[in-house]
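Enquirer: Provide a 3D model corresponding to the input given below.
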Amino acid sequence: MRLGVVSERRAGETRVALVPESVKKLKALGHEVVIEAGAGEGAAFADAQFAEIGASVESSRAGVLGACDLLAGVNAPDEGDIRSLRKGAMVLASLFPTRNLSLVGAMAEAGVTAFSTDAIPRTTKAQAMDTLSSMANIAGYRGVLLAATHLGKYFPMFMTAAGTVLAAKVFVIGAGVAGLQAIATARRLGAAVSATDVRPEVKEQIESVGAKYVGIELKESAQAGGGYARELSDEDKARQRELLAEQCAMSDVVVTTALIGGVTAPRLISKAIVERMRPGSVIVDLAADGGGNCEVSHPGETVRHHGVSILAPTNVAAGMPTHASLLWSRNLTSFISTFTREGVIALDGWDAASAEILAGAMITHQGQVVHARTKEALRHGA
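Expert: Okay, here's the model as predicted:
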């Protein structure tokens, strides 16, 4: 099969879907790879590196799109790109289909078979394909570095000739991949870290990376499966708000990472909680792509409220494009390799574990939207 890669058009995007390391592996499986000239420049991968290991470098974007059997991407293709794809072509990218319903409709209408990496089931077999975890790890790391550069204090404790400076207090909300990496990074920088999660079963994970666990005893379990949390009951929400207000008020830095189902950000930090924080404190809202965990957040911007800086960076992984692209490329390569049979991607005849991954990731096929949650969103016009 011919695999195509074009430059990403999302504003501020620097990543590329496949890197030379992966191109070499995919060619060994019998695939051809054609890449738009300059597609890897933002991530420091030159055209010459792709050409050296046997990829075709094409100057025309339309030439790549019109000739490929599978378009490998980071973000969803726009409607212009979708119109350039052949009927029956495949797309493999992070589509966030419930957020991009018009693009999903365009892909179905174009007869494209679309797979969304963010919809891949979080099973043991699919771990190597998990782009959400790869990018969340980067987001947690960079989120803490952003906090450190905006806080007017040291992170570690220092004993100097001018006296002792105490370590900064960092509070992390959410102990998924991003939260655990944020904890670990803040600890490496020497901060005193505490963390919470609505899933009390992650207490040991929080403590294993060096933070103090703080939490409430829930009336109902918040475990939603797949490593995600579900929305809390009203009673538990009220108790959680009290806990967050207390912890935020005593912290120098708050890093929020909470997403329901990996997509939707619950509002956890109200304006009132922000106004109880000390002047000079910093909030880094890593859930900004999903709308933000903080009422005062403006996705993509840094604002100041009541003396507190609120950072709501979007597409955080694009700020570290070389390793973000490398990991993304490895995730896509794992997906393609798993479903390649005799040089083509086969859609049937797989064992139950593999078939579950294909079915979970498939959004459109043969002119229809086939993904249950996306169909539900379309019905409700979300």
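Enquirer: my guess is residue 255 is in a helix, correct?
Expert: No - counting by DSSP: H, G, I helix; E, B strand; the rest coil, residue 255 is not part of a helix but strand.
Enquirer: Let me know the distance separating the closest residue in space to residue 318 that isn't next to it in sequence from residue 100.
Expert: Spatial nearest neighbour of residue 318, chain neighbours left out: residue 14 (4.8 Å); criterion: Cβ to Cβ, 6 or more residues apart in numbering. All C-beta spots, glycine's among them, are computed from the backbone N, C-alpha and C. Taking Cβ to Cβ, to the nearest Å as the measure, residue 14 falls 20 Å from residue 100.
Enquirer: So those two - more neighbours on which side?
Expert: The residue with more neighbours, out of residue 14 and residue 100, is residue 14; 21 against 18, by other Cβ atoms under 10 Å.
Enquirer: can I assume that one is in contact with residue 322?
Expert: No - with contact defined as Cβ atoms under 8 Å, residue 14 does not reach residue 322; the gap is 9.0 Å.
Enquirer: Determine the residues that are contacts of both of those two.
Expert: Counting by Cβ atoms under 8 Å, 6 or more residues apart in numbering, the contacts common to residue 14 and residue 322 are residue 43.
Enquirer: What is the burial count for residue 11?
Expert: Residue 11 has 9 neighbours, counted by other Cβ under 10 Å.
Enquirer: And for residue 209?
Expert: So residue 209, with other Cβ under 10 Å, has 20 neighbours.
Enquirer: go on, the one 4 residues further on?
Expert: Neighbour count for residue 213, taken as other Cβ under 10 Å: 16.
Enquirer: where does the stretch 101-250 of the chain dip in pLDDT?
Expert: Applying pLDDT under 70 to the stretch 101-250 of the chain flags residues 219-232.
Enquirer: which residues in it form helices?
Expert: Assignment of helices within the stretch 101-250 of the chain using DSSP state H, counting those that start in this stretch yields the ranges 101-109, 131-150, 177-188, 203-208, 234-249.
Enquirer: Return the most buried member of those.
Expert: Neighbour counts (mean count of other Cβ atoms under 10 Å) averaged over each of those peak at helix 177-188, with a mean of 25.
Enquirer: any idea of the angle that one forms with helix 131-150?
Expert: Per axes from the mean of the first three to the mean of the last three Cα atoms, to 10 degrees, the angle that helix 177-188 makes with helix 131-150 is 40 degrees.
Enquirer: For residue 43, see how far away the residue nearest to residue 318 is.
Expert: Computed as Cβ to Cβ, the residue 14 to residue 43 distance reads 6 Å.
Enquirer: any common contacting residues for those two?
Expert: The contact sets of residue 14 and residue 43 overlap at 321, 324 (Cβ under 8 Å, 6+ apart).
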